[in-house]
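Student: Below is the sequence, then the predicted model.
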Amino acid sequence: MVIFVISFGAFLVNPTNWHPFMPSGFGGVMSGAAIVFFAFIGFDAVSTTAEETKNPQRDLPIGMIASLIICTLLYVLMSGVLTGMKKYTIYLGDSAAVATAFGGKPWAQALVSAGALAGMTSVLLVFQLGQPRIFMAMARDGLLPPYFARIHSRFRTPYITTIWTGIAVGGVAMLTDIGSLADLTNIGTLFAFILVCIGVAILRRTEATRPRPFRVPFVPVFPILGVILCFALMLSLPILTWIRFIVWLAIGMLIYFGYSVRHSRLRQGVDVGETENIFPPIEP
């Protein structure tokens, strides 16, 4: 659908629609970037499937970096085409901007609407793929009860966490608007990226000899830039999102200090590896 919009919509672009180029200034660009960051979260889910790849130390960096570059180029081109097809004011408050851009062409509107529905469904499934595996990894370490570390004896997938994640996501989706959920997801993911950047810099100092199948280049420059840019995007989100984020963070801290900190195997000096036999055997 994205390729269709770019290739077909490029012939409908009117360059005068790009003036003024940044009508809301750089602040508007940052606010928009903080909101559409939701579309970039999927590449992070690739890292949660490390145990299901044949050569993770080679495949994961290629998959994550390549998908990030390709998606960025496609999103930039699509944004340029959409704003060139119609004046930006037409899209204000419009939840179906792509379909609106093809106004007057019913067949194109139907095509992009169907593509948007299929794309949204696939993205949601990718999110559902990653989160259960995060819960499983947390349960392995003891941050969650062992019940959540169980995997299916035949399919070797974390079916317990998959079921509960689906129930929780479905329940929240029924009661909350998608805009608020997207903002909360964005700020939580940006904060997680900040922690990862800080962790990379610290581990490079404290555990310099640790085996690393993939090394982040230009440390600590890249981690510091990552922290600054992610925090700048967080500051561009609404105050209400910050309040919700602090509440959820407080709930997470209560769970951690109330249960996880006393059960963490890594904190006790046990490094849980993927080869440790803590799961049920494979049925013949």
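Tutor: Thanks, I have the structure now. Residues are numbered from 1 along each chain as shown.

Student: quick one: pLDDT of residue 281?
Tutor: If you check residue 281, the pLDDT there is 42.

Student: what about the closest residue to residue 146 other than its chain neighbours, helix or strand, and which?
Tutor: Nearest non-adjacent residue to residue 146, counting by Cβ to Cβ, 6 or more residues apart in numbering: residue 139, 6.1 Å away. For the C-beta atoms, the positions are set from N, CA and C on the backbone; glycine is no exception. Element membership for residue 139, per DSSP states H and E: helix 106-141.

Student: List the buried residues of that helix.
Tutor: 108-109, 111-112, 115-116, 126, 129-133, 135-141 (16 or more other Cβ atoms under 10 Å).

Student: now that helix, how far from the chain's geometric center?
Tutor: With Cα atoms, centre = their mean, to the nearest Å as the basis, helix 106-141 stands 10 Å off its chain's centre.

Student: who does that helix touch, helix- and strand-wise?
Tutor: Applying 3 or more Cβ pairs under 8 Å, 6 or more residues apart in numbering; DSSP states H and E, one finds that helix 106-141 makes contact with helix 2-9, helix 97-101, helix 159-175.

Student: Rounded mean pLDDT for it, please.
Tutor: 82.

Student: What of stretch 153-165?
Tutor: 88.

Student: Over to stretch 34-44?
Tutor: 76.

Student: what's the angle between the helix holding residue 139 and helix 2-9?
Tutor: Interaxial angle of helix 106-141 relative to helix 2-9 (axes from the mean of the first three to the mean of the last three Cα atoms, to 10 degrees): 150 degrees.

Student: Roughly how far does the residue nearest the centre of the chain sit from residue 131?
Tutor: In the chain, the residue lying closest to the centroid (Cα atoms, centre = their mean) is residue 41, at 1.8 Å. Using Cβ to Cβ, to the nearest Å, residue 41 is found at 11 Å from residue 131.

Student: ok, now residue 232?
Tutor: 26 Å.

Student: one step back: excluding chain neighbours, give the residue nearest to the residue nearest to the centre of the chain in space.
Tutor: Distance criterion Cβ to Cβ, 6+ apart; nearest residue to residue 41, sequence neighbours excluded, is residue 189 at 5.4 Å.

Student: Pretty sure residue 29 sits against residue 21.
Tutor: No: taking Cβ atoms under 8 Å as the definition, residue 29 is not a contact partner of residue 21, at 10.0 Å.

Student: before we move on, the earlier item: just list the residues touching the residue nearest to residue 146, thanks.
Tutor: 145, 146, 147, 148, 149, 161 (Cβ atoms under 8 Å, 6 or more residues apart in numbering).

Student: who touches stretch 244-252?
Tutor: Residues contacting stretch 244-252 (Cβ under 8 Å, 6+ apart): 180, 184, 187, 188, 191.

Student: of these, closest to residue 46?
Tutor: The closest of those to residue 46 turns out to be residue 188 (Cβ to Cβ; 18.2 Å).

Student: Got the confidence number for the residue nearest to residue 41?
Tutor: Predicted confidence (pLDDT) for residue 189: 87.

Student: and if you look at the one 5 residues further on?
Tutor: We have a pLDDT of 94 for residue 194.

Student: One more: the one 4 residues further on?
Tutor: As summarised for this prediction, residue 198 has a pLDDT of 96.

Student: helix or strand for it, which one?
Tutor: Counting by DSSP H and E, residue 198 is found in helix 178-206.

Student: after that helix comes which helix or strand?
Tutor: helix 221-235.

Student: which residues touch that following helix?
Tutor: 30, 33-34, 37, 186-187, 190-191, 193-194, 196-198, 200-201, 216, 242.

Student: now the very next helix or strand once past that helix, how far from the chain's geometric center?
Tutor: Next along the chain after helix 221-235, taking DSSP H and E as the criterion, comes helix 239-255. Helix 239-255 sits 18 Å away from the centroid of its parent chain (Cα atoms, centre = their mean).

Student: Return the set of buried residues in helix 239-255.
Tutor: 241, 244, 245.

Student: what's the angle between it and helix 221-235?
Tutor: Going by the same axes, to 10 degrees, helix 239-255 makes 120 degrees with helix 221-235.

Student: mean confidence for helix 239-255?
Tutor: 94.

Student: And residue 111, how far from residue 143?
Tutor: Applying Cβ to Cβ to residue 111 and residue 143 gives a distance of 45 Å.

Student: Restrict stretch 193-200 to CA atoms and write it as CSV.
Tutor: As requested, C-alpha coordinates have been extracted for stretch 193-200 and formatted as CSV (Å, rounded to 0.1, in the frame of the first residue of the first chain):
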residue,chain,number,x,y,z
PHE,A,193,15.6,3.0,24.4
ILE,A,194,17.2,5.6,26.8
LEU,A,195,17.9,2.8,29.3
VAL,A,196,19.3,0.6,26.6
CYS,A,197,21.7,3.4,25.4
ILE,A,198,22.8,4.0,29.0
GLY,A,199,23.2,0.3,29.5
VAL,A,200,25.4,-0.1,26.4
